[in-house]
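Asks: A structural model of the following input is requested.
(3 chains)
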Amino acid sequence: MIYDSACTKCKLHRGTESVCDPGFGQAQADIMVVSKMPNGDRYQAALEEDLAQAGVDLGRIYWASALKCRNFDANASNADVKACKPYLDAEIEKVQPRYILSLGNEALLATTGHSGITKWRGKPVELGNMTIFPTISPAAVLARPQNRPGYQADLKFFATMANGQQAEGVKVITPDTILSNDDLRLLKVRLKDAKLVYFDIETNIVPLQEFDPRARVISMCGTYVSASTGEVGGFRIPLYHPESPWRTQWRSMLRHVVPIMAKIPIRIAHNGKFDCRWLRKHSGVHITLTFDTMIGVHLLDENVQKGLKPQGTMRLGVAPWGVDTKDLLSMPIEEVLEYNFLDTFYGYLIYLQVREELIAQPRLLRIMMKLLMPASNNLTTAEGNGVWLDVERLAERTPIAQAKLDEIENKVRAYIPDPSIETWPTNKAGKKVEVNLNASIFAKWLLFDHLGLPVLARGKEKPDGRPGDPSMAEGVLLLLNDVPKPHPVVQTMLDRIEWQKAMSSFFGPYSGLYDENQKVHTSFKLTGTVTGRLSSGKEDASKLSGRTSSIRGVNLQQVPRDPFIRGLFGASPGRTWIEADFSQVELRVAAFCAKERTMISLYQQGADIHMVTAMRMTGKAAKNITKEERKKAKPVNFGFLYGMGWLKFIVTAFNNYGVKFSEAEAKAYRKAYFDLYPDLLAWHERQRRLVHYNARVQSPIGRVRHLPDINSPDPKVRAEAERQAINSPVQGLASDMALAGMNLFVERLTTEGLSDKVSVLGLVHDAINIEADDDVAGRAMVLLKESMEDMDNMRRLFGLDMTVPIVADVKVGRHWGDSVELTEEQVYDFTTLDKMGLVA
DNA sequence: AGAGGTGGCGCG
DNA sequence: AAAGCGCGCCACCTCT
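Replies: Here you go, the predicted model:
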């Protein structure tokens, strides 16, 4: 007897009649499906339909669950899952399944011992004779329809695996392995004849990426198509691997092969920016890509998992290959090469599919070929060049920041009692906790227990229903300070936040991130956001095999505006820093999308909408509005524009202005905003209708945001999708305009022969940073401004008829943080930089 | 010790 | 009735 209807091993038996429900199905099933709890009838029927549709034979299934008690009131913890596990183990022992489908985090934990379904989904786990395949739970799909495509793809893959089918139409070719000079000669002949190559490299993992002195390329593989015969071939080159014949000559090998690859007409990779950067650094040749499968996949559906392996399983039905590559150098070379080659061969097959799908959607294809591929190539160069870090300033300023932090912390220490005090907080183990002024158990005890400050906000409620911990966020501290006689510790803690953040997030990391040329490098992702914006940070872990914790890289899009920190970055010696920001670009694009007559006319007159809002917020005349007040108008404009309600407006107004609005006043203010810009509400309504009808929206140039959550049963989830439908086309177009501006700028540099004298450093959403040799900086800033403002370019590329003027403001200087904004006249005046003393 | 989840905050 | 959007990183806590 493996079940016990009197079981009391965990809390779930309380409050339910349904204790320890047995599983059911074929006694000798070779497939077991494990849900979180015993399924209800409707849920079971839906699941069966999903599985049948994916091709799973229902007659082969035994249905089981991680938790045997059907109890929706109790929030199951991992401990509950563990307590219930013996029942499931007994079922597995009895049924002896060959394949287990684990649905959701609880089932994942019960069957594999792992936690984190988003990480483990789609990855088969071998356990003895069984293969356990985790995916998300049908409940998660129901709540968020966005999850459905991935869920269906997982089920399909599971069916393929359980049915023992070879993936249809996938027959891996036999590649050539390059082990001798004769092999190399033959490879060169073949590559010179190729019309297409899909390539991939494996590298060791080093903190500074390709610039680290320890950086090595371990192998390079490719799949190519012969121009003369049309046949598909493959090559595998072992490089810096202990078993490789080219171990000591790996760079020289690259210098033989990469220049030939760079001349093949069609050059493809998956997230190829990475490969191109490494190859550029170590062979000296920059391969410009003509297609990138990761970008293509993302453009077709921004919600899908875009790694090569998930794509391989979803699109090709092949099993994930080469998992667990912790240390490629100690793996047998054959395994490394097989894995590396499969990346290129499957990648090539994915390319064929993605290409067809894009051809069927010409607007997306155009964005891909005319915007994103050039951008990818330009960003490859930017990432490789890096941004100069003023190491001298860093050395000066780090101790200043640290001293400031120490000074503040000493002030707080005056309020800390002797640790012998009875109430001193303890951890779970009963040990007294250390003094820690971050948002820790200790700090919360100090403020809210020991010093008796009122708890104004709490974090999320605990899983077991206990209230969340007191919040000591900045906003809460501000409220605590907003009383007649605030406790002095509050202001001190407020001062501390800024310096703590500065030390931990900026001064600390920067000191270990620069290469021998004082350059810091980021990795921009063209596929990092759902709207089309770039994300910036460290290299994607999936590109590197090994200890991901040592991957490093700076996020250039979150450097504080404070010149004390932003001023750590600058133009490299002999060069000038130039930054051009689109002025209020999202508001302009929104005015364009909404056809908002008042906004458009304001912009055509050269007005400033943030200023208009600031005047209304403060009741002052334009000439009396301070820079700070104008800055504070931004969140109000963006908030209302994208659907902020009156409640959040009250919070925003208080945090930014210290102005308290009543509910009625806030509602009236919001109404006044939409009365001023009457076309906005109609536009909101239009976007809502569109997304309800299509479950997707498009930007004016055709970039798509899929919003399947619009069909969620949860009204909050639906409302979220509606707001995203309003925001996405705006954010997406603004971002694509910045990419187009960068591309055009780089083209013009080439035309004017300035490529070696000017470098793009990166994008910060609506800003482009460059550095230019001092003698051409004046020309560079004009070119940059003109390229960004060139809406004829957008018309040529995408047929866009931008009816709102687009303006880019230019700043120049030696450093990022202390560059000075120029007037339009100054930008076009060739004596400006001379007058500013910026010409050497 | 490492991983996941959450809160908080940097940027646009 | 009520509702900003988009990111990445750090620190902490909990759990294994």
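Asks: now do the contacts for residue A:757.
Replies: A:772-773, A:775-776, A:780 (CB atoms under 8 Å, 6 or more residues apart in numbering). Just so you know, the C-beta spots here come from the backbone N, C-alpha and C atoms, and that holds for glycine as well.
Asks: out of these, which end up buried?
Replies: Buried members of the contacts of residue A:757, counted by 16 or more other CB atoms under 10 Å: A:772-773, A:776, A:780.
Asks: what parts of the stretch 601-750 of chain A come near DNA strand B?
Replies: residue A:731 (CB under 7 Å from any atom of the strand).
Asks: need the pLDDT of the residue sitting nearest the centre point of chain A.
Replies: The centroid of chain A falls nearest to residue A:528 when counting by CA atoms, centre = their mean (3.8 Å). Residue A:528 is assigned 90 on the pLDDT scale.
Asks: for the residue lying closest to it once chain neighbours are set aside, grab the count of nearby residues.
Replies: In space, and not counting its chain neighbours, residue A:528 is closest to residue A:535: 2.9 Å by CB to CB, 6 or more residues apart in numbering. The number of residues packed near residue A:535 is 15, by other CB atoms under 10 Å.
Asks: helix or strand right after the helix or strand hosting residue A:156?
Replies: With secondary structure defined by DSSP states H and E, residue A:156 is part of helix A:148-162. Once the chain leaves helix A:148-162, the next helix or strand it forms, by DSSP H and E, is strand A:176-177.
Asks: for that following strand, packing partners?
Replies: Here strand A:176-177 touches helix A:181-193, strand A:232-238, going by 3 or more CB pairs under 8 Å, 6 or more residues apart in numbering; DSSP states H and E.
Asks: re earlier: among the buried ones among the contacts of residue A:757, which lie within helices?
Replies: Of the positions in those, residue A:780 sit in helices, assigned by DSSP state H.
Asks: now the two most distant members of the buried ones among the contacts of residue A:757.
Replies: A:773 and A:780 (8.4 Å; CB to CB).
Asks: just say which of the helices and strands packed on strand A:176-177 is most tucked in.
Replies: strand A:232-238 (a mean of 22; mean count of other CB atoms under 10 Å).
Asks: go through whichever helix or strand comes after it and flag the buried ones.
Replies: Sequence order places helix A:250-261 as the next helix or strand after strand A:232-238, per DSSP H and E. Buried residues in helix A:250-261, counted by 16+ other CB under 10 Å: A:250-251, A:253-254, A:256-258, A:260-261.
Asks: from the chain's centroid, how far away is helix A:250-261?
Replies: 32 Å (CA atoms, centre = their mean, to the nearest Å).
Asks: quick one: mean pLDDT over it.
Replies: Averaging pLDDT along helix A:250-261 yields 98.
Asks: again, but for stretch A:96-108
Replies: 90.
Asks: so which bits of it are buried?
Replies: Across stretch A:96-108, burial judged by 16+ other CB under 10 Å covers A:97, A:99-108.
Asks: before we move on, back to that, partner residues bridging the residue nearest to residue A:528?
Replies: Beta bridges link residue A:535 to residue A:525 when assigned by DSSP bridges.
Asks: show the contacting residues for it.
Replies: A:524-525, A:528-529, A:557.
Asks: thinking again about what came up before, in strands, which of the contacts of residue A:757 appear?
Replies: Judged by DSSP state E, the contacts of residue A:757 include A:772-773 as members of strands.
Asks: go through the contacts of residue A:757 and say which is closest to residue A:705.
Replies: Distances from residue A:705 to the contacts of residue A:757, taken by CB to CB, are shortest for residue A:780, at 34.4 Å.
Asks: how about residue A:310: what's its closest non-neighbour residue?
Replies: residue A:122 (5.8 Å).
Asks: should've said residue A:408
Replies: residue A:496 (4.6 Å).
Asks: test my guess that the one you found contacts residue A:405.
Replies: Yes - applying CB atoms under 8 Å, one finds residue A:496 in contact with residue A:405, separated by 7.0 Å.
Asks: what ranges does the stretch 251-400 of chain A have for its strands?
Replies: Counting by DSSP state E, counting those that start in this stretch, the stretch 251-400 of chain A has strands at residues A:266-269, A:291-292, A:387-389.
Asks: nearest to residue A:750, of the ones you listed?
Replies: strand A:266-269 (18.7 Å).
Asks: Provide the strand pairings for that closest one, with the direction of each partner.
Replies: Sheet pairing for strand A:266-269, using DSSP bridges, gives strand A:194-203 (parallel), strand A:291-292 (parallel).
Asks: can you lay out these as JSON lines showing mean pLDDT, distance to residue A:580 and mean neighbour count?
Replies: Converted to JSON lines, the strands paired with strand A:266-269 look like this (pLDDT from 0 to 100; distance: least, CB to CB, whole Å; neighbours: other CB atoms under 10 Å):
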{"stretch": "strand A:194-203", "mean pLDDT": "96", "distance to residue A:580": "34", "mean neighbour count": "24"}
{"stretch": "strand A:291-292", "mean pLDDT": "98", "distance to residue A:580": "26", "mean neighbour count": "25"}
